[in-house]
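S.K.: Sequence first, then the predicted structure, then my questions.
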2 protein chains.
Amino acid sequence: MKMEKITISDIARLSNVSKTTVSRIINGNYGKVNKDTKERVLRIIEELNYQPNTLAQGLKQKTTNVIGIVLSKLHPFWSAVLEGVEDSCRSKGYSLMISNTGDDPELEVEQIKSFMQRKVDGVIVSPTIHNKAFYEELIERSYPIVAVSRKTPNVSLNTVAMNDIKGSWMATEHLLSLGREQIMLVVYPPNDISPRYERVAGFGMALKAKGNQQSWVEIVDEKPGMAKQKIIEVLKEKKVDAIISTNNILNLEILKAVKESGLKVPEDVAIVGYDDPAWAELVDPPLTSVYQPAYEIGEKAANRLIELIKNTNKTEQETTIFEPKLIIRNSCGEKGD
Amino acid sequence: MKMEKITISDIARLSNVSKTTVSRIINGNYGKVNKDTKERVLRIIEELNYQPNTLAQGLKQKTTNVIGIVLSKLHPFWSAVLEGVEDSCRSKGYSLMISNTGDDPELEVEQIKSFMQRKVDGVIVSPTIHNKAFYEELIERSYPIVAVSRKTPNVSLNTVAMNDIKGSWMATEHLLSLGREQIMLVVYPPNDISPRYERVAGFGMALKAKGNQQSWVEIVDEKPGMAKQKIIEVLKEKKVDAIISTNNILNLEILKAVKESGLKVPEDVAIVGYDDPAWAELVDPPLTSVYQPAYEIGEKAANRLIELIKNTNKTEQETTIFEPKLIIRNSCGEKGD
DNA sequence: GTACCAATTGTAAACGCTAACATTGAATCT
DNA sequence: AGATTCAATGTTAGCGTTTACAATTGGTAC
């Protein structure tokens, strides 16, 4: 299992053919090369465990079979997305470069540029809504890129995302139908990031439809622990009979806050989580929650990107929206509670 | 913000210097170039938004500033490791290629080879214990590689991992000291993967120390849901007064199984989780669990790898072991329960 | 025997960069 | 003045591939 730094020239020399012929064989251009030489060369390649230098290939061919993914953080939702992306990429022969930005808009473009400099064939990104100009430029150059789990108003990126309005809408509807009236939607600062403001919007729509005016949106700080603290305060001061989470992490903060406040779920306060965590059925009471098919989103995003990379024709903007599901357990009680 | 495919030659031509000079400027070799030309060239680079082609650089320089990471899966533990790796890499100017193998030994070497073909500067891997020969070869060629969160007997890889014996040992000790006697350690098939058999070993050691002979190891199938089912069966047939989990996923399976079996925690059965999940304090009762500093492990692994890449001298094998912590909540009750 | 063709293989340039070595011109030394 | 040095810049080859274009060979048709 020798693996020295042998090049195509070595193979060529040792098998008495030109580099061209070896190259043809490497690339499966068998039609143009004699069966005997092919076998001889393949044997030598095998023996020396020769692996073509991908950098050189990329330099010459303008394509690397690498795609880059830029996302915000690695909490469970994104991990699942990433797994979908990864599986799909590997099965199609692409390698993956990854980078997290923590939703810093500048880091976002910096990382994409860095990937482009490395000549990745395309990029998957969970974009903030800034960087409009940057993305427009990419589109104009028809650089393969797809936005995942985030939408970009004013920029028509290829997109694979959730119906986020519907997610919070369903949650709100559910609570209202159970007679809850002072509902608090807890959300991180929603301005930069589409799912957040869509979830706020869906909440508002559902309230308006039922004429509810006692519910409100509580915007909380993103620093770990801050949300919990804030919620505890609010819970002391205001009448709250239901809480809706808007993501993975807030699920935890909300549940902890409620627990520490000594309130009973669902009697005192009903809770709807977001993102249906794996432990949802283990807490007491089991958490009603909005499910999102994260893995499938990732998979689809990767597939779409690869489509863009390969097909120079199927390139018109396309948006795929997945629908969330409300998984009802016991954290909202039943009608009349 | 034009970003056509401009090369170093364009910059050179437009600023009336040779490519060499431009190259010197790009690479910060300012000492050797006149201040005026430097500024002129930098301005043109800026104007045209020139970005050096990293493939070409890599081809020439034999170094890419990319590192590859090959791990088993993306459950929460590995996500946290990955975040540590990623942060550390980015802060030091490295990009990251990622790949999951699901602990398939063949895929493991396949992916590493693929990374090497792409000329990554080094690799972080969560290895199975197979592939001894392969890793030995890498070591012999002094290829920079570090094993993360897994140990490789017979192969002296640079390693950053946990004291896994101690983790289960502490859990077992804790349970024994509380008077539990029929303890079941639930584990996925442990043969290929060091933390698993270490956790089995730590369990055995603690039992032996106290002369306990009624406890046992329950090996369960890795397919989702299988563990839960098996545990439910066992719970019916045998007397079990404590269960120890050995990872993230098993935490969930065990808790679900116990819940479905209608047993009371900790009265009927005590439980110790592994990996201290974010939701540990939210379940009822809050889960006692073994904490592992996943992020720090990732960080350290990346740092060590980068050290190996840069320092051709500090290259002797080195193993860093982090210590787990037992976080006691209420799932094991108190003495005398 | 000459012309033509297909099959197989080779030559050489190019991809975009870096670096060893060479060149230039002016300043400094003796 | 001639030799020496130094700062600034350039020439050129090469990193490991691919590929347009040639070249060689033997066979076939006339």
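M.R.: Thanks, I have the structure now.
S.K.: Mind jotting down where the strands sit in the stretch 201-337 of chain A?
M.R.: With strands called from DSSP state E, counting those that start in this stretch, the stretch 201-337 of chain A shows them at A:216-219, A:242-244, A:270-274, A:288-291, A:319-322, A:325-327.
S.K.: mind checking how far the residue lying closest to A:A278 once chain neighbours are set aside is from DNA strand C?
M.R.: If the residues on either side of it in the chain are set aside, A:A278 comes closest to B:L252, at 5.5 Å by Cβ to Cβ, 6 or more residues apart in numbering or on different chains. Every residue, glycine included, has its C-beta placed from N, CA and C. With distances taken as Cβ to the nearest atom of the strand, to the nearest Å, B:L252 is found 50 Å from DNA strand C.
S.K.: okay but B:L252 is in contact with A:E281, surely?
M.R.: No. Shown here, B:L252 and A:E281 do not form a contact pair, counting by Cβ atoms under 8 Å, at 9.1 Å.
S.K.: Tell me which of these two has more neighbours.
M.R.: Neighbours of B:L252 and A:E281, each counted by other Cβ atoms under 10 Å in any protein chain shown, are more numerous for B:L252; the result is 22 against 19.
S.K.: For A:E173, which three-state class applies?
M.R.: Under DSSP: H, G, I helix; E, B strand; the rest coil, the three-state class of A:E173 is helix.
S.K.: right, and A:R196 touches A:Y188 too?
M.R.: Yes. The pair A:R196 / A:Y188 is scored as a contact, 6.1 Å apart, by Cβ under 8 Å.
S.K.: any shared contact partners between the two?
M.R.: Listed as contacting both A:R196 and A:Y188 by Cβ atoms under 8 Å, 6 or more residues apart in numbering or on different chains are A:T246.
S.K.: Now do the helices in chain A.
M.R.: A:8-14, A:19-26, A:35-48, A:54-61, A:76-91, A:105-117, A:132-140, A:164-177, A:194-210, A:226-237, A:248-260, A:294-310 (DSSP state H).
S.K.: which helices and strands does the last one pack with?
M.R.: Under the contact criterion of 3 or more Cβ pairs under 8 Å, 6 or more residues apart in numbering or on different chains; DSSP states H and E, helix A:294-310 touches strand A:66-71, helix A:76-91, strand A:122-125, strand A:145-148, strand A:158-162, strand A:319-322.
S.K.: next one: the fifth one
M.R.: Under the contact criterion of 3+ Cβ pairs under 8 Å, 6+ apart, helix A:76-91 touches strand A:66-71, strand A:95-100, helix A:294-310, helix B:76-91, strand B:95-100.
S.K.: Just want the angle from that helix to strand A:270-274.
M.R.: Going by axes from the mean of the first three to the mean of the last three Cα atoms, to 10 degrees, helix A:76-91 is angled at 30 degrees with respect to strand A:270-274.
S.K.: In this structure A:G273 contacts A:L287, no?
M.R.: Yes. Taking Cβ under 8 Å as the contact criterion, A:G273 and A:L287 are neighbours in contact, 4.7 Å apart.
S.K.: shared neighbours, these two?
M.R.: Common neighbours of A:G273 and A:L287, counting by Cβ under 8 Å, 6+ apart, are A:N251, A:L255, A:A280, A:S331.
S.K.: export the residues you listed to CSV and tack on neighbour count?
M.R.: Rendered in CSV, the data for the shared contacts of A:G273 and A:L287 read as follows (neighbours: other Cβ atoms under 10 Å in any protein chain shown):
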residue, neighbour count
A:N251, 28
A:L255, 25
A:A280, 19
A:S331, 24
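S.K.: Of those residues, which is the nearest to B:I6?
M.R.: The closest of the shared contacts of A:G273 and A:L287 to B:I6 turns out to be A:N251 (Cβ to Cβ; 48.0 Å).
S.K.: Can you tell me the closest non-neighbouring residue to the closest one?
M.R.: Ranked by Cβ to Cβ, 6+ apart and with sequence neighbours excluded, the top spatial neighbour of A:N251 is A:G273, at 4.3 Å.
S.K.: Please apply the same query to A:R40.
M.R.: Taking Cβ to Cβ, 6+ apart, and ignoring the residues beside it in sequence, A:R40 has A:S15 as its nearest neighbour in space, at 5.5 Å.
S.K.: The one you found touches A:E39, doesn't it?
M.R.: No. Taking Cβ under 8 Å as the contact criterion, A:S15 and A:E39 are not neighbours in contact, 10.2 Å apart.
S.K.: With A:S99 as the reference, name the closest of the strands of the stretch 201-337 of chain A.
M.R.: With distances scored as Cβ to Cβ, the stretch of the strands of the stretch 201-337 of chain A nearest to A:S99 is strand A:319-322 (23.3 Å).
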